[in-house]
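In: Requesting a structural model of the entry that follows:
(one chain, ligands or ions: 1)
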Amino acid sequence: MRDEPIDPCARIVVIGAGQAGFTACAKLRDLGHQGPITLIGEEAHPPYQRPPLSKGYLLGEITEDRLYFRPPSFYEERSIDLRLSSMASAIDRDRKVVALADGATVPYDRLILTTGARPRTLPAQIGGDLDGVFCVRNLADINAMAEHFRQDQRVLIVGGGYIGLEAAAVSAKLGLKVTVIEAAPRILQRVACPETAAYFRDLHDRKGVTLLEGAALETLQGEEGHVRSARLADGSVIPVDFVIAGVGVVPNVELAQAAGLSIDNGIAVDENCRTSDPQIYAAGDCASFPWRSGRIRLESVGNAIEQAEAVAWSLTGAPSRYDAKPWFWSDQYEVKLQIAGLSAGYDTVTTRPGAAGGVSYWYYRGEELLAVDAMNDPRVYMVAKRLIEAGRSPSAVIVGDPATDLKALLQ
Ligand SMILES: NC(=O)c1ccc[n+]([C@@H]2O[C@H](COP(=O)([O-])OP(=O)(O)OC[C@H]3O[C@@H](n4cnc5c(N)ncnc54)[C@H](O)[C@@H]3O)[C@@H](O)[C@H]2O)c1
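Out: As a prediction, this is how the structure comes out:
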C-alpha cells in the first residue's frame, strides 16, 4: 500500500524531539521535502541520544555536546524550526493547529507524534517522592543523580530490567555499593529467557553487586526528606544513600488521547504509521503498530529510527509499509548483549557456545526461530538477525552445534 505524496511545500509539525522526532525531520529533508518543518521539544537541549546517558555520560566519559545527534547549526541549515523548552498542550484536528503551553499556535498540514515514553515512578505513598530517588530517562535525570556517584555510596536499584542492570553496572564500575531488587522471581523476566538472566546474574555477582530476586519493595524511609533506607516485604531493611528506579515506562499518549485518536497500548497506527486521523502519524516508543495477528509497541532505538524513517517515506510518497525488524542491545561491564527478533511466545531455548567466551541463546516456538540473544558474539548476532529477517529457521540441533558454520545457513 502506498500513501499519496503530500504537497512538497506542506507544513509538517513534529511533536517530541527524541530519537524518532529527530529522525523524522532529518529524513524528510533528505528525501527532499521543501515545506516548513517544525520540531517541538519540551527539553532545553537539542535532540540527543539517550542510550549513552546511563553509560558513558554517567561514567563521565562523554560530555553533553557529544550526545547531540547534530549541532544546533544543523537545524538552521536544514530549515528545521527547532522549538526547544516548548510543550505542545493540545491538538485541534478540525483547525489543524497545535497549541503550545505558552499560548502560541502552530498550524500543520501533516502532524507527526513522537512523544515517546516516560519512566514509571515509585508511588509517593511508599516514599517515591523523597529526595534522592531518581529515574533514568533524560539528561536532567542523570545530571540530578551524578553527584551521588562517589566511591562507597550505597545505591539501591529498584527493577532488574535493562535500565536497572545497566545502572548497576555503571555504579559498580565507579566503586559504589550496589543492591538491585527485582520484584519478579528473576531479573529480565519480561524480556529474556532464564539462561540470559542467569548469565547477567553471574556477571553482576562477580562484580560485587547484591542482586535480590523475588524481592518486593514495601517502603522507602527518609530523614529530613531524603531517602535513608528501604524496607522489603520480608521485613529486611537496606540502608541507602540514594535510589534509582528502573521499573518500566509508560507511553506518552495523553495529547493524542485528548485529541480523540485511537489508543491501544500506545497511539494506535496502521502499517503506514498513520493514526486513526490520516493527517496524523506516530512513531517510536509512543506508537503501537500491527504485528503478526495483533499489535505491539516497541521501546527501542532501532524501532524509533526505522519507524520514523517509514513515516518520512510515507509522507514523500515512497513505499512506506513499516516492516519492523526488532533489534536491541545492552552494554554491561565488558559484555555487549545484542538481541535480534522478539522472543515473546517462545517455548524452547538452545545454547550456542561462541568463540572467545561469547555465547548465544536461540529462542524457538516449535520449529520457528523467533529471536537470539548474543553476548560478546557479534558475528553470531549478524547472522541470526539476517536469518530472522529472512524468516528462516535452521533447526535447534544445527545451531546448537558449535561446529556448524552459521554463515553457510544464509546461502
Ligand atoms: N539496551 C536496551 O535495549 C535497553 C536499555 C535500557 C532500557 N531499555 C528499554 O527501556 C524500557 C525501560 O526499561 P526498564 O528496565 O525500566 O523496564 P522493564 O519493564 O524492562 O523492567 C522493569 C523491571 O522492574 C521490575 N519491577 C517493577 N516494579 C518493581 C518494584 N516495585 N520493585 C522491584 N522491581 C520492580 C519489573 O519486574 C521488571 O523486571 C524497556 O522497554 C527496556 O527494554 C532497553
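
In: tally of neighbours for residue 263?
Out: The local packing of residue 263 (other CB atoms under 10 Å) involves 17 other residues. Every residue, glycine included, has its C-beta placed from N, CA and C.

In: Assess the claim that it and residue 253 are in contact.
Out: Yes: when contacts are counted by CB atoms under 8 Å, residue 263 is listed as touching residue 253 (5.1 Å).

In: near the ligand, which residues of the stretch 151-300 of the chain?
Out: 158-164, 166, 181-184, 189-191, 217, 246-249, 299-300 (CB under 6 Å from any ligand atom).

In: one more time with 8 Å, if that's ok
Out: 158-166, 181-184, 187-191, 215-217, 245-249, 285, 299-300 (CB under 8 Å from any ligand atom).

In: Out of the residues you listed, list just those in helices.
Out: Residues of those located in helices (DSSP state H): 162, 163, 164, 165, 166.

In: Looks like the last one contacts residue 55 (just checking).
Out: Yes: with contacts defined as CB under 8 Å, residue 166 counts as touching residue 55 at a distance of 6.4 Å.

In: Would you mind telling me which of these two has the busier surroundings?
Out: The neighbour count for residue 166 versus residue 55, taken as other CB under 10 Å, is higher for residue 166 (22 against 18).

In: What is the neighbour count of the residue in the stretch 51-200 of the chain positioned nearest to the ligand?
Out: Closest approach between the stretch 51-200 of the chain and the ligand, counting by CB to the nearest ligand atom: residue 161, at 2.1 Å. Using other CB under 10 Å, residue 161 has 20 other residues around it.

In: I'd like the numbering to begin with 120 instead of 1 from here.
Out: Renumbered: residue one is now 120, and that last one reads residue 280.

In: That one: what's it in contact with?
Out: The contact partners of residue 280, taken as CB atoms under 8 Å, 6 or more residues apart in numbering, are 306, 307, 309, 310, 365, 366, 367.

In: Same check on residue 374?
Out: Contacts of residue 374 (CB under 8 Å, 6+ apart): 134, 207, 208, 209, 210, 232, 234.

In: Could you pick out the buried ones from the residues you listed?
Out: By neighbour count, with 16 or more other CB atoms under 10 Å, the contacts of residue 374 hold 134, 207, 210, 232, 234 as buried.

In: quick one: the helix or strand hosting residue 423 to chain centroid distance?
Out: Residue 423 belongs to helix 420-434 when assigned by DSSP states H and E. Computed by CA atoms, centre = their mean, to the nearest Å, the chain-centroid distance of helix 420-434 equals 15 Å.

In: just stretch 261-279 next, same as before
Out: 21 Å.

In: next one: stretch 132-144
Out: On the basis of CA atoms, centre = their mean, stretch 132-144 sits 15 Å off its chain's mean C-alpha point.

In: just so I have it, where are all the strands in the stretch 220-369 of the chain?
Out: 224-226, 229-232, 236-238, 252-254, 273-277, 296-301, 329-332, 336-342, 345-351, 356-358, 361-364, 368-370 (DSSP state E, counting those that start in this stretch).

In: State the mean pLDDT of the fifth one.
Out: To tie it back to what came earlier, the one meant is strand 273-277. Averaged over strand 273-277, pLDDT sits at 98.

In: try the fourth one
Out: Per-residue pLDDT values over strand 252-254 give a mean of 97.

In: neighbouring strands for that strand, and are they parallel or not?
Out: strand 361-364 (parallel) (DSSP bridges).

In: outside of stretch 463-483, which residues touch it?
Out: Contact partners of stretch 463-483, identified using CB under 8 Å, 6+ apart, comprise 312-315, 318, 460, 462, 484-485, 488-496, 499-500, 503, 512, 515, 518-519, 521.

In: ok, now stretch 322-339?
Out: 241, 245-247, 249, 252, 277, 279, 284, 287-288, 291-292, 297-306, 320, 346, 348-353, 359, 362, 451-452, 454.

In: Just the buried residues out of these, in PyMOL syntax.
Out: Applying 16+ other CB under 10 Å to these leaves a buried subset, and the PyMOL line that selects it is:
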select buried, resi 241+246+247+249+252+277+279+284+287+288+291+292+297+298+299+300+301+302+303+306+320+346+348+349+350+351+359+362+451+452
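
In: OK, contacts around residue 165?
Out: Residue 165 touches 136, 187, 188, 189, 190, 191, 194, 201, 203, counting by CB under 8 Å, 6+ apart.

In: Identify those among the residues you listed that sit within helices.
Out: Checking the contacts of residue 165 against DSSP H, those in helices are 191, 194.

In: And the contacts of residue 165, which is closest to residue 425?
Out: Distance to residue 425, by CB to CB, is smallest for residue 188 among the contacts of residue 165, at 15.6 Å.

In: If you tally nearby residues, what's the number for that closest one?
Out: Residue 188 has 15 nearby residues by other CB under 10 Å.

In: give me phi/psi at it?
Out: With angles defined as degrees, to the nearest 10, residue 188 sits at phi -60, psi -40.

In: And the pLDDT at it?
Out: Reading off the model, residue 188 has pLDDT 98.

In: same thing with residue 184?
Out: 94.

In: before we move on, what about residue 336?
Out: 97.

In: Residue 515: what's it in contact with?
Out: Neighbouring residues of residue 515 by CB under 8 Å, 6+ apart: 467, 469, 481, 483.

In: show me where pLDDT drops low in the stretch 270-419 of the chain?
Out: In the predicted model of the stretch 270-419 of the chain, no residue satisfies pLDDT under 70.

In: what packs against the helix or strand just after the helix holding residue 423?
Out: Downstream of helix 420-434, the next assigned helix or strand under DSSP H and E is strand 446-451. Applying 3 or more CB pairs under 8 Å, 6 or more residues apart in numbering; DSSP states H and E, we find strand 446-451 packed against helix 281-292, helix 313-325, strand 454-460.

In: Alright, calling it a day.
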